[in-house]
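Enquirer: got a structure for you, letters missing:
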């Protein structure tokens, strides 16, 4: 039990993590390659993503905002507003719909662009806080995390 406790203590210390990462300094090219593979897999899976309930609701909200300037539920008998979805993503989609039209493909490309931007943001924040080496690991993990369907 003492061995496990000492091992956990050594892992918790920042110096040990830095020593472990020092062994992988030559992996920068591999990590950048993993990020590229993750982005390529997202692009390759673009047409295989199905439409799920939340995605359809967000797309409908974005289209409604573009058409009416507000988030109306189109299939309600009386004008009803969406109240349980936040508006930022539908506004983002409305900008895409204004530029490229309303379709499932446009929605999927907009989501793809946002997921690639998220990889970049995760890298930049981690690089600022913990350094470039750890930021590459973060970007690789985020890029290889499968997108939700």
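Expert: Yes, it's here. Predicted model, so just to flag it, every value in this text is computed and none were measured.
Enquirer: For stretch 29-42, list every residue counted as buried.
Expert: Using 16 or more other Cβ atoms under 10 Å as the test for burial, stretch 29-42 gives 31, 34-35, 38-39, 42. (C-beta placed from N, C-alpha, C; glycine too.)
Enquirer: Show only the entries of these found in helices.
Expert: 31, 34-35, 38-39, 42 (DSSP state H).
Enquirer: and those residues as CSV, adding pLDDT?
Expert: Shown next, in CSV, are those (pLDDT from 0 to 100):
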residue, pLDDT
31, 87
34, 89
35, 90
38, 90
39, 90
42, 86
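Enquirer: Can you convert the residues you listed into CSV and add a column each for distance to residue 84?
Expert: Below are those laid out as CSV (distance: Cβ to Cβ, whole Å):
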residue, distance to residue 84
31, 39
34, 37
35, 35
38, 31
39, 32
42, 28
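Enquirer: Count residues in the vicinity of residue 60, would you?
Expert: When neighbours are counted by other Cβ atoms under 10 Å, residue 60 registers 20.
Enquirer: Surely it is in contact with residue 74?
Expert: Yes - applying Cβ atoms under 8 Å, one finds residue 60 in contact with residue 74, separated by 6.4 Å.
Enquirer: any residues in contact with both of these two?
Expert: Shared contacts of residue 60 and residue 74, defined by Cβ atoms under 8 Å, 6 or more residues apart in numbering, are absent.
Enquirer: how much space between the most centrally placed residue in the chain and residue 96?
Expert: Nearest to the geometric centre of the chain sits residue 115, at 3.6 Å (Cα atoms, centre = their mean). Distance from residue 115 to residue 96, counting by Cβ to Cβ, to the nearest Å: 14 Å.
Enquirer: Over to residue 116?
Expert: Separation of residue 116 from residue 96 (Cβ to Cβ): 14 Å.
Enquirer: Between those two, tell me which one has more neighbours.
Expert: Remark: of residue 116 and residue 96, residue 96 carries more neighbours, 21 against 16, as counted by other Cβ under 10 Å.
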